[in-house]
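Engineer: requesting a structural model of the entry that follows:
(chains A and B)
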Amino acid sequence: MDKRHERGELQQAKERWEEERLGPALQRVSRPPMPSDLRNEPLYTPLDDAGRDYLRDLGFPGEYPYTRGVHPSMYQGRLWTMRQYAGFGSPEETHERFAYLLGQGQGGLLVAFDLPTQLGYDSDDPRAKGEVGVVGVAVDSLRDMETIFGGLPLEQASPSLTMNSAATVALAMYLVVAEQEGVPAARISGTTQNDILKEFIARGTYIFPPRPSMRLTVDLIEYCTDHLPRWNVMNICGYHMREAGSTLVQEVAFALANAITYIEACLERGLEIDAFAPRLAFNFSASCNLFQEAAKFRAARRLWARLLRERFGAKEPASWMWRAGAGSSGSTLTAQQPENNIVRVALQALAGILGGVQSFHTAAYDEALALPSEHSALVALRTQQVLAHESGAAEVIDPLGGSYYVESLTDQIEREVNLYIARIEAEGGMLKAIEDGRAQAEIAQSAYAYQTQIDSQERTVVGVNRFEDQNDPAIQLHRPRPEIVEAQIASLHALRRERDNAAVSRALAVLEAEARGSGNLMYPLLEAVRAYATIGEICNVLRGVFGEYQAASY
Amino acid sequence: MTFPRKNPIRVLVAKPGLDGHDRGAKVLAHAMREAGMEVIYTGLRQTPEMIVNVALEEDVDVVCVSVLSGAHNMLFAEIMAGMRAQSADAIPVLGGGVIPDQDIALLKEMGVREIFTPGARLAAITSYIEELVPN
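Structural biologist: Take a look at the predicted model:
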């Protein structure tokens, strides 16, 4: 609040301006407002700052409640990590790509697995037909993980394994390779996505029902807490819920409600909050509404800090820090006039940077048409480099801080998310909301409302429902390659002939017995992986014990 | 459609393969219901065989198949073959999802009646179906 003016004086002045200036101007020309998840006023003033306390609600970067950033120097110290989600191809090609990236000094390798691997099917399973090596690399057994990572400087690789329902299996495979390469457990770093709840709500790569899935999730966290101090145990995703059609507030609310569910499960297992909370990170979406998205990241940091400190009693500042990667929203990208997507992605990345994220993934402009081509992937990376080195957005910490509008948005998002979470908890919590299909239905409702706004032209999508152009240029697209499938299946068949099949059966029998009990399954999984049991064999044993999840039909 | 139908159109909305992207399928199912159709949504991860069987069991007028994983050529080929094998090829099959232009011609050669790609208006899809299905 500007101290030179009394609040009443300012209020009066604003009312006068509205009556004498704004009102008549809007009567002459009035454009319908863009539909938005959050309420917008035409103008924000110091009046909207009332009730906010700088030190309590904003503070300084690197200090509670981290609204302005988790690091004291933010991008002044180090730029965000520029990520590309890639890795389609064979294990051999993935290895070559990673060797190249590590040679260029890039760590944090993002590993995309194909859908059969994510869902625990071997490459020769009938259900895998047409999907092997398409959206990521196929990993059937330890042998494929050895091919990908063997001989690489794993201490720098710090891979991000994008696995959820079978995250424990992928981690077990990686750990055995790291052990073969002689990396001590204390120095193994990397990330498992391991966020199963959002799979039920939005992304769909679930295998087992929610409760046994939660057990595997906590098994992984507990194992890492005991043995792998540098492993990031979970990437909690708002991204996929937003992509499935949720609103901005639902994205934050569902992600934090999922986080609360995980934290409570870990506490119930007997883990100390400060032993695992610092290893939790987030993955959010960024759409084109620059200011709302930037405010979302600021609000999420404050929400998380208060949640961890006030509700869960975390003592370590590292537990209070909401560390997040963000990615451009694929669902906002259009098949029509695809070059326009370069502009959309640039806005989305700028929103992430103004919001102070730790990493950003830019989507390729042909996202709505196919998997990225080499050219579109390069443009996506260059977009971030232009923002980093030419825009000036990285030169000042939290450049939007203090904006009447953005601070007001930040407060509004925090308030609405808290209300949403309170409602979920009053109705029995997130796990129940998922089991009853309520969370899914709420998102589907938002998705339908959004599409209806586009169809009625209430919401403009350039090139789709306005400013259309019949002559969309032809673009060069990446094509799936059938030879990868044949080689993968041949290698899998060779493995089944060459390995000690009696040892595989023994390891799988132990896994089954342990799954029927209540022990941490990471240990028998490591033994099964070591015996070269395939991901399909391992997951089939667990399917036999846990059952398979069938989503309520809609 | 200017007069009400005696029996509502029955539509199967299907997600074949391992792809989990079902936002489009669900939004479309919602729009079809708003347009007065009876919609059966299979949920995720149906095999082509399961889809053909549900189409027959539920006696649907149209089958709408959504694929965003890139596996469309293989999945549609199997669904169309399954429909023919069960003598159900009179039931029109429509497709939707992330499908490049150059594959659309191929899918239509297989017998897929129409493909709707991202950006298609919901009303365009529902009115296409209303014209397709005789009263």
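Engineer: longest single helix anywhere in chain B?
Structural biologist: What stands out as the longest helix in chain B, according to DSSP state H, is helix B:72-85.
Engineer: which residues touch that helix?
Structural biologist: Residues outside helix B:72-85 that contact it (CB atoms under 8 Å, 6 or more residues apart in numbering or on different chains) are A:129-130, B:16-17, B:48-49, B:51-52, B:55, B:63, B:65, B:67, B:89, B:91, B:93, B:95, B:97, B:99, B:103, B:106-107, B:110-112. The C-beta positions use only the backbone N, C-alpha and C, and glycine is treated the same way.
Engineer: show me what contacts residue A:525?
Structural biologist: Residues near residue A:525 by CB under 8 Å, 6+ apart: A:168-169, A:172, A:511, A:538.
Engineer: same deal with residue A:452?
Structural biologist: Applying CB under 8 Å, 6+ apart to residue A:452 gives the contacts residue B:122.
Engineer: re the thing from before, the contacts of residue A:525 in helices, which ones?
Structural biologist: Assigned to helices by DSSP H, the following of those qualify: A:168-169, A:172, A:511, A:538.
Engineer: list just the nearest of those to chain B.
Structural biologist: Checking the ones in helices among the contacts of residue A:525 against chain B by CB to the nearest CB gives residue A:169 as the nearest, at 16.5 Å.
Engineer: mind listing what the closest one touches?
Structural biologist: A:120, A:163, A:525, A:529, A:535, A:538-539.
Engineer: now do the phi/psi pair for residue A:361.
Structural biologist: As for residue A:361, its main-chain torsions (degrees, to the nearest 10) stand at phi -110, psi 120.
Engineer: secondary structure class for the residue nearest to it when sequence neighbours are not counted?
Structural biologist: Using CB to CB, 6 or more residues apart in numbering or on different chains and skipping residues adjacent in sequence, the residue nearest residue A:361 is residue A:327, 3.8 Å away. Following DSSP: H, G, I helix; E, B strand; the rest coil, residue A:327 is assigned to strand.
Engineer: contacting residues around the closest residue to residue A:450 other than its chain neighbours?
Structural biologist: Excluding its sequence neighbours, the residue lying closest to residue A:450 (CB to CB, 6+ apart) is residue A:245, at 6.0 Å. Counting by CB under 8 Å, 6+ apart, residue A:245 touches A:331, A:443-444, A:446-448, A:450, B:23, B:27.
Engineer: doesn't residue A:245 fall inside a helix?
Structural biologist: No - Residue A:245: not assigned to a helix; according to three-state DSSP it is coil.
Engineer: could you measure from it over to residue A:329?
Structural biologist: Counting by CB to CB, to the nearest Å, the gap from residue A:245 to residue A:329 is 11 Å.
Engineer: cool, residue B:61 as well?
Structural biologist: Distance of residue B:61 to residue A:329, given as CB to CB: 35 Å.
Engineer: just to revisit the earlier point, which of the ones in helices among the contacts of residue A:525 tops the neighbour count?
Structural biologist: Ranked by neighbour count (other CB atoms under 10 Å in any protein chain shown), the ones in helices among the contacts of residue A:525 have residue A:169 at the top, with 28 neighbours.
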